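> next one to model:
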Amino acid sequence: AMVRTSGYSSLWEDTDEDRRPERVKRDVIAVALATGCGAAASSLFISLSNPAVPFFLRPIDAPLRSLLLIPPLFPVHNHLYITYGKRSRYAYANAAFGIGVVAASAFAILRREGGGLTSMKADGHLPFGLFMGSLCFYHLAEYLLVAYYNPHMLSTDSFLVQSQYVGAMAVSCFEYFVTKTFLPGMKGWAPATWLGLAGMVFGEIFRKGALIQAGHNFTHQISDGQKRQEHELVTHGLYSISRHPGYLGWFWWSTSSQVLLSNPVSLVLFSAAAWRFFHERIPYEEAHLQRFFPAYREYKRRVPTRIPYIP
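This next block holds a predicted model:
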């Protein structure tokens with residue numbers, strides 16, 4: 001529910017005004033500026049010398065201190081979402097600010113420890129820096145691709161940062177820091193780093209490639225009502241390899257992120273959760289695709305999903 005009804009209603013309310021190209025362009029500019037502001041704030045926080053940092057934060061590695069700016073953004077996001085709606089530029093900027101904070105933290109780690117990619121074992125936080133950088137690219141690119149191909153569907157949901165996902169990533173980070181503290185020998189081994197990074201790159205190629213190839217036919221929400229007039233069945237390119245290359249990419253991207261971090265518990269949990277999600281989602285989605293496209297049955301018979309144990 002949105003309560004602002006003043007002369008700014010065309011800017012803040014969830015109306016057709018939000019779907020105009022000019023509006024979307026301004027939204028993207030706001031996201032870019034907010035990302036830059038988040039990166040600047042994070043960099044400033046990182047650059048503070050120890051005398052300027054509260055004593056209880058001094059034991060924390062400098063590039064990681066800036067991540068403390070993230071938790072306050074969640075209640076702010078909830079307030080903006082409830083007050084102004086999911087197409088609020090305020091909410092966009094709040095999410096983008098958080099991405100900027102994480103991106104600057106990742107950059108600081110990679111600038112300091114990037115040489116560790118050539119060693120057998122990195123003793124710092126290089127895998128975590130790679131992980132954070134990959135997260136920033138994933139979520140920002142998802143938003144921008146929706147803005148380009150489906151601007152009428154653009155919202156804060158386009159960042160794909162839902163509460164369940166945030167909880168999963170919090171568990172992943174918790175495992176990383178606990179094992180890094182008490183079992184440091186588990187972390188930073190080159191085979192895990194390179195294998196995990198390669199899996200994330202592979203997943204992103206399929207995920208983003210699927211979005212780009214399908215264009216306006218790809219949406220984050222399942223079309224389970226009436227068929228959209230412009231909706232077409234895409235079966236070539238990546239879609240000739242997998243019926244759901246976007247899902248396949250996300251499956252390998254998410255599981256590979258835990259290989260990168262050397263998180264054995266989260267690897268099992270992420271794999272199980274992702275598989276269960278797609279095992280339930282794909283049959284439901286395909287029931288509607290078969291309703292929309294008679295040719296889908298033959299396409300389904302011919303092309304597998306390539307997700308393990310989901311035909």
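> now do stretch 292-311: distance to the chain's middle.
Between the centre of stretch 292-311 and the centre of its chain there are 26 Å (Cα atoms, centre = their mean, to the nearest Å).
> do the same with stretch 233-246
Counting by Cα atoms, centre = their mean, stretch 233-246 is centred 21 Å from the centre of its parent chain.
> compute the first-to-last residue distance for it.
Terminal residues of stretch 233-246 are spaced 15 Å apart (Cα to Cα, to the nearest Å).
> buried ones in it?
234, 238-239, 242-246 (16 or more other Cβ atoms under 10 Å). C-beta: built from backbone N, CA, C; applies to glycine.
> next: stretch 33-40.
By 16+ other Cβ under 10 Å, the buried positions in stretch 33-40 come out as 34-35, 38-39.
> looking at those residues, which one is closest to V102?
Nearest to V102 among the buried residues of stretch 33-40 is G38, at 8.0 Å by Cβ to Cβ.
> just the buried residues of stretch 233-246: which are in helices?
245-246 (DSSP state H).
> okay if I get the buried residues of stretch 233-246 as a markdown table plus pLDDT and distance to I307?
What follows is these, written out as a markdown table (pLDDT from 0 to 100; distance: Cβ to Cβ, whole Å):
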| residue | pLDDT | distance to I307 |
| --- | --- | --- |
| V234 | 96 | 18 |
| L238 | 97 | 14 |
| Y239 | 97 | 14 |
| S242 | 98 | 8 |
| R243 | 97 | 10 |
| H244 | 97 | 7 |
| P245 | 97 | 10 |
| G246 | 97 | 11 |
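> re the thing from before, ok, so of the buried residues of stretch 33-40, who is nearest L73?
Using Cβ to Cβ, the buried residues of stretch 33-40 come closest to L73 at G38, 9.1 Å.
> what ranges do the helices span in the chain?
9-12, 21-47, 62-65, 73-84, 89-113, 126-149, 163-182, 190-214, 245-260, 264-292, 296-302.
> redo these as JSON lines? Include distance to G225.
Formatted as JSON lines, these follow (distance: least, Cβ to Cβ, whole Å):
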{"stretch": "helix 9-12", "distance to G225": "27"}
{"stretch": "helix 21-47", "distance to G225": "24"}
{"stretch": "helix 62-65", "distance to G225": "45"}
{"stretch": "helix 73-84", "distance to G225": "24"}
{"stretch": "helix 89-113", "distance to G225": "26"}
{"stretch": "helix 126-149", "distance to G225": "19"}
{"stretch": "helix 163-182", "distance to G225": "24"}
{"stretch": "helix 190-214", "distance to G225": "19"}
{"stretch": "helix 245-260", "distance to G225": "20"}
{"stretch": "helix 264-292", "distance to G225": "9"}
{"stretch": "helix 296-302", "distance to G225": "17"}
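> which one, of those, ends up nearest to K227?
Nearest to K227 among those is helix 264-292 (4.4 Å), distances taken as Cβ to Cβ.
> tell me how far the closest one is from the chain's mean position?
In terms of Cα atoms, centre = their mean, the centre of helix 264-292 is found 17 Å from the chain centre.
> relative to helix 163-182, how tilted is it?
160 degrees (axes from the mean of the first three to the mean of the last three Cα atoms, to 10 degrees).
> tilt between helix 264-292 and helix 190-214?
Relative orientation of helix 264-292 versus helix 190-214 (the same axes, to 10 degrees): 20 degrees.
> tell me which residues of stretch 294-309 come out buried.
Using 16+ other Cβ under 10 Å as the test for burial, stretch 294-309 gives 296, 299, 305-307.
> re earlier: could I get the buried residues of stretch 33-40 as a markdown table with distance to I282 and pLDDT?
Listed next are the buried residues of stretch 33-40 as a markdown table, based on distance: Cβ to Cβ, whole Å; pLDDT from 0 to 100:
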| residue | distance to I282 | pLDDT |
| --- | --- | --- |
| A34 | 35 | 97 |
| T35 | 33 | 98 |
| G38 | 35 | 97 |
| A39 | 37 | 97 |
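> so where's the protein shaky on pLDDT?
Along the chain, the model assigns pLDDT under 70 to residues 1-19.
> enumerate every residue touching the residue positioned nearest the centre of it.
Central residue of the chain (Cα atoms, centre = their mean): H139, 3.3 Å from the mean position. By Cβ atoms under 8 Å, 6 or more residues apart in numbering, the contact set of H139 is 99, 159-161.
> buried subset of these, written for PyMOL?
Selection of buried members from the contacts of H139 for PyMOL, criterion 16+ other Cβ under 10 Å:
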select buried, resi 99+159+161
